[in-house]
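*Asks:* Next one to model:
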Amino acid sequence: MPDIIDTLSIRAGGVHAFQSLLLPNVPARPERLVPYGESYFRWLERLPWIAVKRGPTGERTINDTALRLALLRFAPPYLIEERDGRELRYAIVGGALAAARGGWLALGYREEAGGLRLWVDVVAYRPRLGVGWLYRGTQVHVHRWITINFLHAWGRQLSQNKSE
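*Replies:* Sure, this is the predicted structure:
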C-alpha cells in the first residue's frame, strides 16, 4: 500500500493543504511533469458539473457548469526546483471560491529512498468561505477527495509506464 501524507494547516485566514503519495520503485521523469500537471485538470473534468477552460497562454479556469461560475482561476504554470524535487505551479488569480488573489496550486515529485514522492500542494489559498466551520465542513473534504484520488491515478499511470 502506498505511503500517504495528508495535512492541512490554517493560519491568518490562509490555507495550506498538502497531500502526497510515495510510489515504491518508480524512477523520476522530469520531462513528464508538465503532462501530469495537464492531466490534473483533465481529471477534474471527469467530475459532474465541472469544466476546465484553458487560455491561450496556459491559464486555467475551473467552472461550475450548473451555476455557470468560474470557481477558481489560475495563471499559466511555471516549473520550479523545490523540496529537493520539481514542482509545476499554477498561481491562484481569482474565482468565486477565492477571497483574494494569491497562493498557488503545485504538483510535484522528488526521488526518495526506494521510490518517488508525488504531491499536490495548495499554498496560501484564501477561501471566500473563510476558514471557519463552513469551509472545514465542505471545501476541505472536497479538495482532499479530489487530490488523493488524483494522486492514486497519477501513481498508477507512472507505475504502468516505469518500464518505458
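*Asks:* Residue 151: neighbouring residues, count only.
*Replies:* For residue 151, the neighbour count with other C-beta atoms under 10 Å is 22. (Each C-beta comes from the backbone N, C-alpha and C, glycine too.)
*Asks:* which ones are touching it?
*Replies:* 4, 19-21, 118-120 (C-beta atoms under 8 Å, 6 or more residues apart in numbering).
*Asks:* hmm, 7 Å instead?
*Replies:* With contacts defined as C-beta atoms under 7 Å, 6 or more residues apart in numbering, residue 151 is in contact with 19, 21, 118, 120.
*Asks:* Which parts of the protein are strands?
*Replies:* Secondary structure of the chain by DSSP state E: the strands cover 3-11, 14-24, 50-54, 60-64, 69-74, 78-82, 85-94, 104-112, 115-125.
*Asks:* so what's the residue nearest in space to the middle of the chain closest to, chain neighbours aside?
*Replies:* Central residue check for the chain by C-alpha atoms, centre = their mean: the C-alpha nearest the mean position is that of residue 120, 4.2 Å away. Here the nearest residue to residue 120 in space, its sequence neighbours aside, is residue 147; by C-beta to C-beta, 6 or more residues apart in numbering that works out to 4.6 Å.
*Asks:* Also residue 17?
*Replies:* residue 122 (4.5 Å).
*Asks:* Quick check: that neighbour touching residue 107?
*Replies:* No. Using C-beta atoms under 7 Å, residue 122 makes no contact with residue 107, being 10.6 Å away.
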